[in-house]
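Chemist: prediction below, plus the sequence it came from.
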Amino acid sequence: MKFTKRFITQLAITGVALSVTACSMMGPQKPDWQEDKEYRVTILHTNDHHGRFWQNSKGEYGMAARKTLIDNIREEVALDDGNSLLLSGGDINTGVPESDLQNAEPDFRGMNMLKYDAMALGNHEFDNPLSVLKQQQEWAGFPFLSANILDEKTGKPLFDAYKIFQVDDLKIAVVGFTTDDTAKLGNPEYLEGIKIESPITVAKKLIPELRKKADLVIAVTHMGHYRDGNYGGNAPGDVTLARSVPGIDVIVGGHSQNPLFEPDEQNGTLILQAYEWGKYVGRLDFVYKNGAIVWSQYKLIPVNLKKKVKTADGKSERVFIEEEIAQDPTMLEMLTPFQEKGQKELNIEIGFSDEDFIGDRSVVRNQETNLGNLIAYAMKQKVNADIGIMNSGGIRDNLEKGIVTYKDVLKVQPFGNMVSYVDFTADELTDYLSTAAAKQAGTGAFAQFSGVSLTLKDGKATDIMVNGKALEAGKTYRVAVNNYSASGGDGYPKIVDHPNYVNSGYVDADVLVEYIRNHYPLEAAKFAPTGKVKR
């Protein structure tokens with residue numbers, strides 16, 4: 001693992017040094033820190049946990065090993081007369097059935113035992129009703145932060161905007177920001193009464209205020225890290241925030257789920273992100289002296305991650321990247337009943353597949369896949385529709401060859417959305433297909449289709465064929481989508497107010513389970529990509 005070291009002196013003249021020093025010197029008018037004293041601070045962080053409270057089948061990551069690691073680091077830091085904060089970049093919810101079925105209770109109780117100091121609200125915190133999110137904060141026992149998620153009626157932050165921590169003689173402000181894409185990524189049904197403002201707009205006003213109150217400002221964000229600020233079809237992320245808003249010392253990020261093995265330094269701000277699922281714990285150590293950060297180093301620490309190596313006999317085996325971290329027994333004791341309950345409910349065989357069905361996000365968000373076709377087809381069949389459309393962001397895992405369990409399906413479709421449908425005129429269908437087919441590759445909005453072929457030309461769907469027949473004026477066509485997309489999720493046209501809209505009440509994962517039970521063995525060849533939707 002690489003370390004990044006940064007040295008800043010009172011006489012530094014580089015752009016980065018002046019920027020960071022200026023930020024630090026804008027603190028409280030009467031600071032508590034002592035002249036010439038060195039203050040050692042360690043920031044620990046994770047992000048995009050997504051229900052991974054338990055280690056995987058290979059013995060990697062998991063909150064029990066994470067607790068051992070973090071406890072050891074805290075002890076080391078304390079022995080060196082330092083202090084630490086533990087932060088999360090959000091998205092605790094959604095991703096593993098054992099967690100999803102229990103409203104992420106084991107995850108938030110685990111974070112409580114880990115003694116997290118604060119976390120940013122992620123977009124997946126809004127996969128559940130607000131009542132569930134409030135219950136999750138009670139389980140967690142630490143602040144959920146977002147300065148730009150507001151109560152529509154009062155105009156005030158729905159949760160805390162920031163919290164100021166007294167760390168030895170230093171005041172450290174930790175402020176939360178959530179991607180404004182939450183408006184289209186969160187479940188619209190659970191976003192009623194919530195206003196989502198641009199985090200950058202809010203930060204431009206709030207950060208100068210925090211600089212008057214604190215010696216250091218840390219933004220814990222769920223906005224994403226996009227190299228050189230190239231965020232494409234996504235909302236602006238951490239790089240844009242740092243470039244647009246001076247005065248942030250460190251950004252602890254999440255959302256894009258990429259590992260930054262070295263901080264990305266932008267406009268005097270260190271941007272950090274620790275991949276996903278608790279695979280790594282990020283560790284930033286720095287020294288603060290006379291109103292400035294004078295030294296820092298950074299590392300991503302793997303939590304029992306493994307790699308394949310060749311053995312002497314030519315076979316391969318998995319070995320730990322670094323020394324194995326023992327699982328904390330108190331954490332295991334707390335989590336085990338949750339894991340056993342989940343396993344009992346989920347390990348029910350429902351069918352068999354003859355090949356892998358592909359739902360890996362790097363593939364399914366960029367191209368047609370057999371799994372996308374299968375899901376769209378199962379929805380279409382369930383509600384007797386002509387066309388099925390599935391947003392790729394709702395597909396979260398592969399469906400692997402062999403025995404298929406209920407758990408496998410819930411890993412593919414963890415959100416608990418309902419299959420819904422609408423009867424469109426030919427003109428309405430053309431408009432809807434034009435929007436759906438134009439969704440940008442690489443985003444969760446990218447559409448998977450069943451029952452239709454078309455060519456997208458200048459933003460409009462042409463040469464439309466529905467189940468092999470040309471579109472007919474005067475005829476109506478039924479389209480099956482999930483209620484998330486129907487409510488305007490992922491930027492799809494909102495159709496819940498359409499007079500012909502119906503929410504079937506069928507949970508999407510249960511629809512797929514039913515289809516597999518009735519049609520196994522699943523034959524991948526029947527759902528192979530056809531290229532009939534040309535974009």
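Modeler: Perfect, I can see it now.
Chemist: so what pLDDT did Ala312 get?
Modeler: Note on Ala312: pLDDT of 86.
Chemist: what's near enough to touch it?
Modeler: Contact analysis of Ala312 by CB atoms under 8 Å, 6 or more residues apart in numbering lists nothing. In short, each C-beta sits where N, CA and C put it, glycine included.
Chemist: same question for Thr405.
Modeler: Contacts of Thr405 by CB under 8 Å, 6+ apart are Leu346, Asn347, Ile348, Glu349, Ile350.
Chemist: how far away is the residue nearest to the third one when sequence neighbours are not counted from Asn366?
Modeler: Counting by CB to CB, 6 or more residues apart in numbering, Tyr406 is the residue found nearest to Ile348 once chain neighbours are left out, at 4.7 Å. For Tyr406, the distance to Asn366 equals 28 Å [CB to CB, to the nearest Å].
Chemist: and these two? Which one has more around it.
Modeler: Tyr406 (19 against 15; other CB atoms under 10 Å).
Chemist: what stretches of this protein score poorly on pLDDT?
Modeler: 1-26 (pLDDT under 70).
Chemist: tell me the domain ranges of it?
Modeler: Domains of the chain are assigned by automatic domain parsing as 6-337, 347-534.
Chemist: so what's Ile149 closest to, chain neighbours aside?
Modeler: Leu158 (4.9 Å).
Chemist: and Asp48, by the same measure?
Modeler: In space, and not counting its chain neighbours, Asp48 is closest to Glu276: 4.1 Å by CB to CB, 6+ apart.
Chemist: quick one: contacts for the residue nearest to Ile348?
Modeler: Tyr406 is in contact with Pro97, Glu345, Leu346, Asn347, Ile348, Ile350, Val513, counting by CB under 8 Å, 6+ apart.
Chemist: now, of the residues you listed, which are buried?
Modeler: Among these, those that count as buried by neighbour count (16 or more other CB atoms under 10 Å) are Pro97, Leu346, Ile350, Val513.
Chemist: out of those, who's nearest Gly282?
Modeler: For the buried ones among the contacts of Tyr406, the residue nearest Gly282 by CB to CB is Pro97; the value is 27.2 Å.
Chemist: list phi and psi for the nearest residue to that closest one once chain neighbours are set aside.
Modeler: In space, and not counting its chain neighbours, Pro97 is closest to Leu410: 3.8 Å by CB to CB, 6+ apart. Main-chain torsions, Leu410, degrees, to the nearest 10: phi -70, psi -30.
Chemist: now do the SS call for the spatially closest residue to Thr530 that is not a sequence neighbour.
Modeler: The shortest distance from Thr530 to any non-neighbouring residue, by CB to CB, 6+ apart, is to Glu368 (7.3 Å). Look at Glu368: counting by DSSP: H, G, I helix; E, B strand; the rest coil, its state is coil.
Chemist: ranges for the helices of the stretch 51-200 of the chain?
Modeler: For the stretch 51-200 of the chain, applying DSSP state H, counting those that start in this stretch gives helices covering 63-79, 97-100, 105-114, 130-140, 182-185, 199-213.
Chemist: so which elements touch the second one?
Modeler: Which is helix 97-100. Other elements packing on helix 97-100 under the criterion 3 or more CB pairs under 8 Å, 6 or more residues apart in numbering; DSSP states H and E are helix 105-114, helix 329-346, helix 406-412.
Chemist: same thing but at 7 Å, please
Modeler: Contact analysis of helix 97-100 by 3 or more CB pairs under 7 Å, 6 or more residues apart in numbering; DSSP states H and E lists helix 329-346, helix 406-412 as its packing neighbours.
Chemist: quick one: which of those is nearest Ile358?
Modeler: Nearest to Ile358 among the helices and strands packed on helix 97-100 is helix 406-412 (10.6 Å), distances taken as CB to CB.
Chemist: check the offset of that closest one from the chain's centre.
Modeler: 19 Å (CA atoms, centre = their mean, to the nearest Å).
Chemist: before we move on, what about stretch 190-207?
Modeler: Taking mean C-alpha positions (CA atoms, centre = their mean), stretch 190-207 and its chain are 18 Å apart.
Chemist: tell me which residues in that stretch are buried?
Modeler: Tyr190, Leu191, Ile194, Ile196, Glu197, Pro199, Ile200, Val202, Ala203, Leu206, Ile207.
Chemist: got it, and stretch 139-146?
Modeler: Judged by neighbour count (16+ other CB under 10 Å), stretch 139-146 contains these buried residues: Trp139, Ala140, Phe142, Pro143, Phe144, Leu145, Ser146.
Chemist: before we move on, what about stretch 453-466?
Modeler: Of all the residues in stretch 453-466, those buried under the rule 16+ other CB under 10 Å are Ser453, Leu454, Leu456, Ala461, Ile464, Val466.
Chemist: same deal with stretch 428-444?
Modeler: Buried, per 16+ other CB under 10 Å, within stretch 428-444: Glu428, Leu429, Thr430, Tyr432, Leu433, Ser434, Thr435, Ala436, Ala437, Lys439, Thr443, Gly444.
Chemist: who's in contact with Leu335?
Modeler: Counting by CB atoms under 7 Å, 6 or more residues apart in numbering, Leu335 makes contact with Phe53, Trp54, Met63, Ala64, Pro106, Gly110.
Chemist: secondary structure element for Thr42?
Modeler: strand 39-46 (DSSP states H and E).
Chemist: CA atoms only: put that strand into PDB for me.
Modeler: Taking Å, rounded to 0.1, in the frame of the first residue of the first chain, the C-alpha atoms of strand 39-46 are listed here in PDB:
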ATOM      1  CA  TYR A  39      -1.800  17.800  17.500                       C
ATOM      2  CA  ARG A  40      -2.000  14.400  16.000                       C
ATOM      3  CA  VAL A  41      -5.300  13.500  14.500                       C
ATOM      4  CA  THR A  42      -6.400  10.300  12.600                       C
ATOM      5  CA  ILE A  43      -9.400  10.100  10.400                       C
ATOM      6  CA  LEU A  44     -10.700   6.600   9.800                       C
ATOM      7  CA  HIS A  45     -13.400   6.000   7.200                       C
ATOM      8  CA  THR A  46     -15.500   3.600   5.200                       C
END
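Chemist: how far away from the center of its chain is that strand?
Modeler: Offset of strand 39-46 from its chain centre (CA atoms, centre = their mean): 22 Å.
Chemist: do stretch 249-258 as well
Modeler: Worked out by CA atoms, centre = their mean, stretch 249-258 lies 11 Å from the chain centre.
Chemist: got a list of contacts for it?
Modeler: Contacts with stretch 249-258, where a contact means CB under 7 Å, 6+ apart, come from 20, 23-24, 43, 45, 47-48, 87, 89-91, 120, 122, 179, 216-226, 237-238, 241-242, 269-273, 275-276, 284, 293.
Chemist: show me where the stretch 301-450 of the chain has helices.
Modeler: Using DSSP H, counting those that start in this stretch, the helices of the stretch 301-450 of the chain run over residues 329-346, 361-364, 370-382, 406-412, 426-437.
Chemist: helices and strands around the shortest one, which ones?
Modeler: Using 3+ CB pairs under 7 Å, 6+ apart as the contact criterion, no helix or strand is in contact with helix 361-364.
Chemist: count the residues that sit near the residue nearest to Ile149.
Modeler: Applying other CB under 10 Å, we find 22 residues neighbouring Leu158.
Chemist: enumerate every residue touching it.
Modeler: Here Leu158 is in contact with Ile149, Leu150, Asp151, Ile194 (criterion: CB under 7 Å, 6+ apart).
Chemist: out of those, list just those in strands.
Modeler: Counting by DSSP state E, the contacts of Leu158 place Ile149, Leu150, Asp151, Ile194 in strands.
Chemist: who's the nearest residue in space to Pro263 that is not next to it in sequence bridged to?
Modeler: Leaving aside its chain neighbours, Pro263 sits nearest to Leu270 (4.1 Å; criterion: CB to CB, 6+ apart). Counting by DSSP bridges, Leu270 forms beta bridges with Val250, Glu265.
Chemist: quick one: Leu270 from Tyr231, how far?
Modeler: Applying CB to CB, the value for Leu270 to Tyr231 is 19 Å.
Chemist: please apply the same query to Arg535.
Modeler: Per CB to CB, Arg535 is found 21 Å from Tyr231.
Chemist: which stretches of the stretch 151-300 of the chain form strands?
Modeler: Secondary structure of the stretch 151-300 of the chain by DSSP state E, counting those that start in this stretch: the strands cover 162-167, 170-178, 194-196, 216-222, 250-252, 264-266, 269-272, 280-289, 292-302.
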